[in-house]
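Asks: Provided below are the primary sequence and the corresponding predicted coordinates.
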Amino acid sequence: MLVARTRRLDLAEDALSEAFARASDRWPTGGVPVNPAGWLYTTASRLVIGGLRAEAIHGRKVRLLAVDAGWVAPASVDELDTLDDERVALILLCCHPAVHPEARAPLALRLVVGTSTEEIARLHLVSVATMAARITRAKKKIVIAGIPLSSPVDDELRARLDGVCRTIYLAFTAGYAPARGANLLRDDLAGEAVELAAILHGLVPDAPQARALYALVLLQHARRDARVRDGNLVTLSDQDRSLWYDEELSAGMELVASLAPSEGYAEELRLQGFIACEHARASTAEDTDWSAIASHYLRLEALTGSPVVTLNRAVAVAESEGAQAGLAVLSGLDEALPHNHRLPAVRAELARRAGKIDLARASYDQALGRCTNDVERAHLLAQRNTLDQAH
């Protein structure tokens, strides 16, 4: 928000860090303000103004980010709620062609959504150190190159649309798969991603990427209330489908039905939309057309080459053709997903179904060793204990 208002990435980050430092020093004794976020924002804004004045006094005229003429500090923290287009503009900034492709989405996740570097690294299947270095280099590139932050322009937006869509969907994914902590879901993060997808679709309603993205997050977010029960993970097959939001499901399916075959990332999103529709239209878990889902995943796998897609296809194949067939699909994925806890978790479940108890037990142990989310760990441990009790 500070970058959107000040157009100064360098000053905004330093100012916000200082605002947090002041809060940690003052709040324990003076009390937490009524509006903590507003206090931090106002304090940081004043620090940015101080930085700009210092630059003027010392005659430094070079602007590291383009600043709109006549910018003034926000008069009220109420402006915190008026950032729709500016959030998209900030994503556009991060997806500028001058920024390395591998760093665009990670930088946007840090600046726009506030996703942790650890979670971003996990989403991109790289180490935390590698991701931190990418983000740091991207920040420096924006500052040194003087890349401007501006309101979304049609041609500019369309030229970077794939990057913007990828960023929003990664933010949504992060909301449903926190790396650490006691929460399985972060509805605030996922909900913000849905809101951004809606804004993007409103800006370019005829763009297939934007339409497919909005459809996909609607369909997946509609199941949010059924994913956890009493603090425990609820698998898709056991979810109470009466808790799904029918209006969101209907809207998502209608959007997917309006999509024509495409190519590139737009087609990836369309295929994922097809998969989400198969789950949405099934009134019970038993009614799910897993053969159709496996077919969609096969096409998606051919398009992307993603090992995560292959992992998901294995689940669909196991449901439609049996556990042994699903295990066969998993063959060779360990090298591509060396730190992913879901690979051994899926292998454990399929091995259990296939009667391969030793493999199931070893795979559960491997998954527990990799998983850092408390709710998922509890679910895996319960499955592991059930296996021991039965055998």
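Replies: Happy to help now that I have it.
Asks: quickly list the domain ranges of this protein.
Replies: Listed by automatic domain parsing, the domain ranges of the chain are 1-72, 314-391.
Asks: deepest of those domains, which one?
Replies: Ranked by average neighbour count under the criterion mean count of other CB atoms under 10 Å, the domains of the chain are headed by domain 314-391 at a mean of 18. C-beta: built from backbone N, CA, C; applies to glycine.
Asks: show me how far that one is from its chain's centre.
Replies: 24 Å (CA atoms, centre = their mean, to the nearest Å).
Asks: cool, and stretch 204-212?
Replies: With CA atoms, centre = their mean, you get 19 Å for stretch 204-212.
Asks: tabulate the CA atom coordinates of stretch 161-173 in CSV.
Replies: Extracted as CSV, the C-alpha positions of stretch 161-173 are listed here (Å, rounded to 0.1, in the frame of the first residue of the first chain):
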residue,chain,number,x,y,z
LEU,A,161,-1.4,-10.8,-18.4
ASP,A,162,0.1,-14.2,-17.9
GLY,A,163,2.5,-13.0,-15.2
VAL,A,164,-0.3,-11.2,-13.4
CYS,A,165,-2.6,-14.2,-13.5
ARG,A,166,0.2,-16.5,-12.3
THR,A,167,0.9,-14.2,-9.4
ILE,A,168,-2.8,-14.1,-8.3
TYR,A,169,-3.2,-17.8,-8.6
LEU,A,170,0.0,-18.4,-6.6
ALA,A,171,-1.3,-16.1,-3.9
PHE,A,172,-4.5,-18.1,-3.9
THR,A,173,-2.6,-21.4,-3.6
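Asks: show residues contacting that stretch.
Replies: With CB atoms under 8 Å, 6 or more residues apart in numbering as the test, stretch 161-173 has contacts from 88, 91-92, 94-95, 101, 104-105, 108-109, 112-113, 115, 120, 123, 157, 189-190, 192-194, 196-197, 200, 204, 207, 209-210, 213, 216-217, 220-221, 264-266, 269.
Asks: among these, which ones are in helices?
Replies: 88, 91-92, 94, 101, 104-105, 108, 120, 123, 157, 189-190, 192-194, 196-197, 200, 209-210, 213, 216-217, 220-221, 264-266, 269 (DSSP state H).
Asks: so how far is the first residue of stretch 260-268 from its last?
Replies: 12 Å (CA to CA, to the nearest Å).
Asks: ranges for the helices of the stretch 251-391 of the chain?
Replies: 264-281, 290-304, 307-321, 323-330, 342-353, 357-370, 374-390 (DSSP state H, counting those that start in this stretch).
Asks: turn those helices into JSON lines, including mean pLDDT.
Replies: Below are these laid out as JSON lines (pLDDT from 0 to 100):
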{"stretch": "helix 264-281", "mean pLDDT": "95"}
{"stretch": "helix 290-304", "mean pLDDT": "96"}
{"stretch": "helix 307-321", "mean pLDDT": "95"}
{"stretch": "helix 323-330", "mean pLDDT": "96"}
{"stretch": "helix 342-353", "mean pLDDT": "94"}
{"stretch": "helix 357-370", "mean pLDDT": "93"}
{"stretch": "helix 374-390", "mean pLDDT": "82"}
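Asks: adding distance to residue 18, write those out as CSV.
Replies: Formatted as CSV, the helices of the stretch 251-391 of the chain follow (distance: least, CB to CB, whole Å):
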stretch, distance to residue 18
helix 264-281, 39
helix 290-304, 42
helix 307-321, 39
helix 323-330, 49
helix 342-353, 40
helix 357-370, 37
helix 374-390, 33
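Asks: closest one to residue 250 among these?
Replies: Among the helices of the stretch 251-391 of the chain, the nearest to residue 250 by CB to CB is helix 264-281 (8.6 Å).
Asks: what comes up buried for the closest one?
Replies: For helix 264-281, burial by neighbour count (16 or more other CB atoms under 10 Å) applies to 265-280.
Asks: quick one, it and helix 307-321 angle?
Replies: Orientation check (axes from the mean of the first three to the mean of the last three CA atoms, to 10 degrees): helix 264-281 against helix 307-321 gives 30 degrees.
Asks: any idea how far helix 264-281 is from the chain center?
Replies: With CA atoms, centre = their mean, you get 17 Å for helix 264-281.
Asks: what about the residue lying closest to residue 318 once chain neighbours are set aside, distance to residue 347?
Replies: Nearest residue to residue 318, sequence neighbours excluded (CB to CB, 6 or more residues apart in numbering): residue 326, at 2.7 Å. From residue 326 over to residue 347 the distance is 9 Å, taken as CB to CB, to the nearest Å.
Asks: these two touch, right, residue 201 and residue 213?
Replies: Yes. Contact criterion CB atoms under 8 Å: residue 201 and residue 213 qualify, at 7.4 Å.
Asks: which of the two has more neighbours?
Replies: residue 213 (32 against 20; other CB atoms under 10 Å).
Asks: quick one: that one from residue 386, how far?
Replies: Residue 213 is 38 Å from residue 386, by CB to CB.
Asks: quick one: residue 271 and residue 88, what's the gap?
Replies: Residue 271 is 25 Å from residue 88, by CB to CB.
Asks: tell me, how many residues neighbour residue 209?
Replies: Residues near residue 209, counting by other CB under 10 Å: 25.
Asks: oh, I was asking about residue 214
Replies: 26.
Asks: any idea of the pLDDT on it?
Replies: Looking at residue 214, its pLDDT is 95.
Asks: does it touch residue 202 like I think?
Replies: No. Judged on CB under 8 Å, residue 214 makes no contact with residue 202 at a distance of 9.1 Å.
Asks: I'd like the domains of the chain as CSV, with distance to residue 295 appended.
Replies: Compiled in CSV, the domains of the chain are given as follows (distance: least, CB to CB, whole Å):
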stretch, distance to residue 295
domain 1-72, 43
domain 314-391, 9
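Asks: closest to residue 233 out of the buried residues of helix 264-281?
Replies: residue 279 (16.7 Å).
Asks: contacting residues for that closest one?
Replies: Counting by CB under 8 Å, 6+ apart, residue 279 has contacts 219, 223, 236, 288, 293.
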